[in-house]
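[1] Any chance you could fold what I've pasted below:
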Amino acid sequence: MDQNMTDLAELSQLDPARDREPDAFETLRSEAALERIIAGRRPRNAVVWRVATGAAVVAAGVTGLLAVPALFPSAADKAFAGWTATPTPVDPQQVLPEARNCVKSYGGDPATVTAADIVLTEQRGIAKSLIVKHGGQALECMSVEAGDTYASQTLPAAPLTPANGLLSVDTRSSIGQGDTQYSHVVGFVTPKVTGIDLILADGRTVHTSTAGGWWTAWWPGPEAGEADTIRVVAHTATDSTEYRIAQLSSK
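    Here you go, the predicted model:
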């Protein structure tokens, strides 16, 4: 046998997702992404990544796909330079251009999008993130400049109820390479939670945004694509509960 094939066979035994089969929701999401690609409706400058919650993001070409356009280096530099660990809330009316571009990138009619469709918004430096409902689904997009959509994904039409009664993680990923690599988390949260903090492996604390049953955050660095290096602290009116991020998968 070819020694390279032997090495690949041995490496496959270390794949944490080797025996994992996609669930019904992941299959539906993959099929929707494939349909958009075939129809030519993939977001501009898109790079396709496979996101496995709890595992590193790997390059394109397999099922279970999430369309995530990579940040241009110049845009990434600007976004990272202005990044803040604490986000600033943004009035939905102010991010209508970003919401309409988000919907347009998935083949929807941007003219039908109103501020009432925008569920969550946040801004870190010049980068804006939002979740918008449209056409029976939820879309999550990030833009850096000129309202253009640089990263996006489809989400469940409505947030799911976390099994622990507080919060869960829907997707987490690391995108890009080297100095332009950044991480991203989106999850579900109940009204009991008053705030969520992420404690990264290097000790940094990232404050998240929560609204409408969702929570999200992004930051420079690879942690969300690495093996369980993040602690998640859910605050309520009476106490705080800490989890390892791998404990919070909604899958």
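[2] Thr154 against Tyr106, yeah?
    Yes - using CB atoms under 8 Å, Thr154 is in contact with Tyr106, at 7.4 Å. Placement of C-beta: from N, CA and C, glycine included.
[3] which residues do the two both contact?
    Leu139 (CB atoms under 8 Å, 6 or more residues apart in numbering).
[4] Of the two, which one has the most company?
    Tyr106 (22 against 18; other CB atoms under 10 Å).
[5] For that one, give its distance to Thr149.
    Going from Tyr106 to Thr149 by CB to CB, to the nearest Å gives 9 Å.
[6] Also Trp83?
    Going from Trp83 to Thr149 by CB to CB gives 18 Å.
[7] The two: which is more packed in?
    Thr149 (24 against 17).
[8] ok, that one touching Ser105?
    Yes - applying CB under 8 Å as the test, Thr149 and Ser105 come out as touching, 4.8 Å apart.
[9] Can you check the distance spanned by stretch 101-121, start to finish?
    End-to-end distance for stretch 101-121: 15 Å, by CA to CA, to the nearest Å.
[10] which residues are contacting that stretch?
    So stretch 101-121 is in contact with 36, 39, 41, 43-44, 89-96, 99-100, 128-135, 138-139, 141, 143, 147-149, 152, 154, 209-214, 216, going by CB under 8 Å, 6+ apart.
[11] which residues of the stretch 151-251 of the chain fall in helices?
    For the stretch 151-251 of the chain, none of the segments meets the definition of helices by DSSP state H, counting those that start in this stretch.
[12] Quick one: low-confidence residue ranges for it.
    Applying pLDDT under 70 to the stretch 151-251 of the chain picks out residues 251.
[13] can you map out the strands along it?
    With DSSP state E, counting those that start in this stretch as the criterion, the stretch 151-251 of the chain has strands at 167-175, 182-189, 193-199, 205-207, 209-211, 214-220, 231-236, 240-244.
[14] Which strand residues bridge Val132?
    Legend: beta-bridge partners of Val132 under DSSP bridges are Ile118, Leu139.
[15] I meant Thr236, not that one.
    Those that pair with Thr236 in a beta bridge, by DSSP bridges, are Val193.
[16] isn't His207 right up against Gly195?
    Yes - His207 is within contact range of Gly195, at 7.3 Å (criterion: CB under 8 Å).
[17] Find the nearest non-adjacent residue to His134, please.
    The shortest distance from His134 to any non-neighbouring residue, by CB to CB, 6 or more residues apart in numbering, is to Val103 (4.8 Å).
[18] Next, count neighbours for that neighbour.
    Count around Val103 with other CB under 10 Å applied: 24.
[19] Check the one 4 residues further on too.
    Residues near Gly107, counting by other CB under 10 Å, number 14.
[20] so how far is Trp83 from Ala76?
    Applying CB to CB to Ala76 and Trp83 gives a distance of 10 Å.
[21] Contacts for stretch 239-251, please.
    Stretch 239-251 is contacted by residues 23, 26, 53-54, 160, 162-164, 166-170, 172, 185, 187-188, 198, 224, 227-234 when judged by CB under 8 Å, 6+ apart.
[22] Tell me the buried residues within these.
    Buried members of the contacts of stretch 239-251, counted by 16 or more other CB atoms under 10 Å: 26, 53-54, 162, 166-170, 172, 185, 187-188, 198, 224, 229-230, 232, 234.
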